[in-house]
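Asker: What follows is a predicted protein model with its sequence.
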Amino acid sequence: MKREKEELVNIRPLTEPDLETVWHLKFKAPDQSYRKWNAPYFYEHEIPLAAFKKRYLQEESIPQKLYGIEIEGDIKGTVSYYWENERMRWLECGIIIYDSRFWSGGIGTKALNLWIDVLFTHIDIPRIGLTTWSGNERMMRCAEKCGFVLEGRLRKVRYYQGKYYDSMRYGMLREEWRSLPRNNDKIF
């Protein structure tokens, strides 16, 4: 069953109508479980749809900083990147699957692998980072399955619901990515 689900996963640049879907998933969908895992110590306020679209439609970067994760043809999440420090060429990536019915089945690993390939193919950088927190064990497993190496653990710097958690900093070098076994997945 898991293998079949993974084969139905694709990532692609988002169109303007897709951005409305993502905005709805992010702020209005009944299933908001992702908020418990996606850096819950930073509360994210809802922004108007027009401002959300403007943020991503103005991007001229190659690739766009936000792609959709398609599962069986429907957008259910996003992969993204941001510059921790663009001058130093320090890039970080992330992934969110908004619909919790698609968690823990290999879909995130497949989508993140596709995204890493896009980033290393289109951006001349030696390393991709991924930061999560010790409370998100699924994300840590996903990063490790994709080939990320735990490079740092900042102890007790994330405070959430009365408890301290660690910030987990992962990284992958271009040469490590090249040495991983490849499949011939179609990205677009």
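Answerer: Received the coordinates, thanks. Residues are numbered from 1 along each chain as shown.
Asker: Would you agree P40 falls within a strand?
Answerer: No: counting by DSSP: H, G, I helix; E, B strand; the rest coil, one finds P40 to be coil, located in no strand.
Asker: That one: neighbour count?
Answerer: 17 (other C-beta atoms under 10 Å). To be clear about C-beta, it is placed using only N, CA and C from the backbone, and glycine gets the same treatment.
Asker: Phi first, then psi, for it.
Answerer: Main-chain torsions, P40, degrees, to the nearest 10: phi -70, psi -20.
Asker: Local confidence estimate at it?
Answerer: At P40, the model reports a pLDDT of 88.
Asker: ok, now K54?
Answerer: Listed pLDDT for K54 reads 89.
Asker: ok, how many other residues are close to Y81?
Answerer: Using other C-beta under 10 Å: Y81 sits among 24 other residues.
Asker: Also R158?
Answerer: 21.
Asker: And what about it, helix, strand or coil?
Answerer: Per three-state DSSP, R158 ends up strand.
Asker: Neighbours of the closest residue to it other than its chain neighbours, how many?
Answerer: In this structure, R158 finds its nearest non-sequential neighbour in Y165, 4.2 Å apart by C-beta to C-beta, 6 or more residues apart in numbering. Residue crowding around Y165 was assessed by other C-beta under 10 Å; the count is 20.
Asker: Tell me who's in contact with Y165.
Answerer: Applying C-beta atoms under 8 Å, 6 or more residues apart in numbering, we find Y165 in contact with 41, 133-135, 156-159.
Asker: what do you get if the cut-off is 6 Å, keeping everything else the same?
Answerer: Y165 makes contact with 133-135, 158 under the criterion C-beta atoms under 6 Å, 6 or more residues apart in numbering.
Asker: will you turn the residues you listed into JSON lines that also has secondary structure?
Answerer: Formatted as JSON lines, these follow (three-state DSSP):
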{"residue": "W133", "secondary structure": "strand"}
{"residue": "S134", "secondary structure": "coil"}
{"residue": "G135", "secondary structure": "coil"}
{"residue": "R158", "secondary structure": "strand"}
